[in-house]
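> Below are the sequence and a predicted model; questions follow.
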Amino acid sequence: MKSIQLGSYLASVRARKAALRFDESSAAVDARRNKGGQRSPAKRELLANTAERAEATGTPKVISY
């Protein structure tokens, strides 16, 4: 198994993003998010149940696609 240092790995990721001119603006990040169009019925039910439990306990909503 090859081991790497986290710092050097993250530096290489940043370098690749810079080379690709990877757009990390809010609009670009939002456009890349999975909006759930291909979600299975089971996943939709799970998310609905989670939202109901959160609402019942007064937990603030987290906006997530």
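Yep, that arrived.

> Ala31: how many residues sit nearby?
10 (other Cβ atoms under 10 Å). Heads up, the C-betas are built off the backbone N, CA and C, glycines and all.

> Make 39 the starting number, not 1.
Sure, I'll start numbering at 39, so the last one becomes Ala69.

> so which strand or helix has it?
For Ala69, the element it lies in under DSSP states H and E is helix 64-70.

> Lowest mean pLDDT among the helices and strands, pick that one out for the protein.
Every helix and strand in the chain was compared by mean pLDDT, DSSP states H and E; the lowest is helix 64-70, with a mean of 83.

> How about residues contacting that helix?
The contact list for helix 64-70 (Cβ atoms under 8 Å, 6 or more residues apart in numbering) is empty.

> Could you identify the helix or strand that succeeds the helix holding Ala69?
Taking DSSP H and E, what comes next after helix 64-70 is helix 79-95.

> Residues in contact with that next one: which ones?
Helix 79-95 has contacts (Cβ under 8 Å, 6+ apart) with Gly74, Arg77, Lys99.

> what does stretch 41-54 give?
Residues contacting stretch 41-54 (Cβ under 8 Å, 6+ apart): Phe60.

> what about it, distance to the chain center?
Its chain's C-alpha centre and that of stretch 41-54 lie 20 Å apart, by Cα atoms, centre = their mean, to the nearest Å.

> Flag every buried residue along it.
Neighbour counts over stretch 41-54 (16 or more other Cβ atoms under 10 Å) mark no residue as buried.

> For that stretch, list the C-alpha coordinates in PDB.
Only the C-alpha atoms of stretch 41-54 are listed here, as PDB (Å, rounded to 0.1, in the frame of the first residue of the first chain):
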ATOM      1  CA  SER A  41       1.000   6.100   1.800                       C
ATOM      2  CA  ILE A  42       1.000   9.800   1.100                       C
ATOM      3  CA  GLN A  43       1.000  12.900   3.200                       C
ATOM      4  CA  LEU A  44      -2.300  14.800   3.300                       C
ATOM      5  CA  GLY A  45      -0.600  18.100   2.800                       C
ATOM      6  CA  SER A  46       1.200  17.000  -0.400                       C
ATOM      7  CA  TYR A  47      -2.000  15.400  -1.700                       C
ATOM      8  CA  LEU A  48      -4.100  18.500  -1.100                       C
ATOM      9  CA  ALA A  49      -1.300  20.600  -2.800                       C
ATOM     10  CA  SER A  50      -1.500  18.400  -5.800                       C
ATOM     11  CA  VAL A  51      -5.300  18.700  -5.900                       C
ATOM     12  CA  ARG A  52      -5.100  22.500  -5.800                       C
ATOM     13  CA  ALA A  53      -2.500  22.500  -8.600                       C
ATOM     14  CA  ARG A  54      -4.700  20.300 -10.800                       C
END
